[in-house]
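Q: Show me how the following folds:
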Amino acid sequence: MHYRPESSGTAISITGGGLTAGAYCTFSGAGALSANSFNISGVARNSIGNYTISFTRSFANTNFAVNGTVSINDATAMSSIYSISKNAANITIITRRTNSGNLVDPGTIEVVIFGLLS
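A: Down below sits the predicted model:
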């Protein structure tokens, strides 16, 4: 698979196959990693709503995209995921309630990372 920036520098063309995730995982708010993960060596719960996700195989650089979803057991509150620190070997994310801004341990956190592996 080859990635080539377009001349404008804003788009990427992909040839030779489809784009696949470099890493993904599902884990609980307590930091327990599910068996359904790829390229994840572990998840550490640093504090309420703060997690470090370590990669089995590092990314080539920090130019990777992080996307995630959370589910909480409270139907009246929404929560969001934010990447606060990243390097080739791991990322640190936080999860916040959108209505209060408070950090929260969601029931389930799902993260997908797209980028070039080393």
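
Q: packing partners for the one helix or strand residue 96 maps to?
A: Taking DSSP states H and E as the definition, residue 96 sits inside strand 90-97. When contacts are defined as 3 or more CB pairs under 8 Å, 6 or more residues apart in numbering; DSSP states H and E, strand 90-97 sits against strand 50-55, strand 65-71, strand 79-86, strand 108-114. Every residue, glycine included, has its C-beta placed from N, CA and C.

Q: Does the third one pack against any helices or strands, and if so which?
A: Think strand 79-86. Contacts defined by 3+ CB pairs under 8 Å, 6+ apart place strand 79-86 against strand 65-71, strand 90-97.

Q: can you redo those as JSON lines with distance to residue 22 and mean neighbour count?
A: JSON lines is the format used below for the helices and strands packed on strand 79-86 (distance: least, CB to CB, whole Å; neighbours: other CB atoms under 10 Å):
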{"stretch": "strand 65-71", "distance to residue 22": "9", "mean neighbour count": "15"}
{"stretch": "strand 90-97", "distance to residue 22": "11", "mean neighbour count": "19"}
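
Q: To residue 52, which of these lies closest?
A: For the helices and strands packed on strand 79-86, proximity to residue 52 was assessed by CB to CB; strand 90-97 is nearest, at 4.8 Å.

Q: Tell me how far that closest one lies from the chain's centre.
A: What separates the centre of strand 90-97 from the centre of its chain is 8 Å, taken as CA atoms, centre = their mean, to the nearest Å.

Q: what's the average pLDDT for that strand?
A: Average pLDDT, strand 90-97: 92.

Q: Touching it from outside, list them.
A: 29, 46, 49-55, 66, 68, 70, 77-86, 102-106, 109, 111, 113 (CB atoms under 8 Å, 6 or more residues apart in numbering).

Q: same thing but at 7 Å, please
A: Residues outside strand 90-97 that contact it (CB atoms under 7 Å, 6 or more residues apart in numbering): 49-55, 66, 68, 70, 77, 79-85, 102-104, 106, 109, 111.

Q: quick one: contacts for residue 81?
A: 68, 70, 93, 95, 109.

Q: Give the closest residue to the second one in space, chain neighbours not counted.
A: If you skip the residues right next to it in sequence, residue 70 has residue 106 as its closest partner in space, 3.9 Å away by CB to CB, 6 or more residues apart in numbering.
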